[in-house]
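Undergrad: quick check, what structure comes out for this input:
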Amino acid sequence: MEKLLNPKELAALLNVKPGTVFSWLSRGVDLPPSIKIAGSNRWRPEAVAKWIEVKEKARRKRNFED
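TA: Down below sits the predicted model:
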């Protein structure tokens, strides 16, 4: 079984403070799909990688069209 990321690990991966991830969660910011386990959010590493890829493609497309 793969290791799921907790909010602090996700924050480290995204190079933001853990409080930023918690703020994003509370505000409903678009984040990778998470799994709720015992009231805590967890993320699959491959879902995070896919989310980053989608964000990068959207940014490249947006920058190209500007």
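Undergrad: for this protein, what helix or strand is lowest in average pLDDT?
TA: Taking mean pLDDT, DSSP states H and E as the measure, the chain has helix 45-65 as its least confident helix or strand, at a mean of 87.
Undergrad: so what touches that one?
TA: Applying Cβ atoms under 8 Å, 6 or more residues apart in numbering, the contact partners of helix 45-65 are Glu2, Lys3, Leu5, Leu10, Leu13, Leu31, Pro32, Pro33. For the C-beta atoms, the positions are set from N, CA and C on the backbone; glycine is no exception.
Undergrad: buried sites along it?
TA: Ala47, Val48, Trp51 (16 or more other Cβ atoms under 10 Å).
Undergrad: a markdown table for the residues you listed, including distance to Lys17?
TA: Output for the buried residues of helix 45-65, formatted as a markdown table (distance: Cβ to Cβ, whole Å):
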| residue | distance to Lys17 |
| --- | --- |
| Ala47 | 21 |
| Val48 | 17 |
| Trp51 | 19 |
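Undergrad: of the contacts of helix 45-65 - the most surrounded one?
TA: Leu10 (24 neighbours; other Cβ atoms under 10 Å).
Undergrad: next one, pLDDT for it please.
TA: Turning to Leu10, the model gives it a pLDDT of 97.
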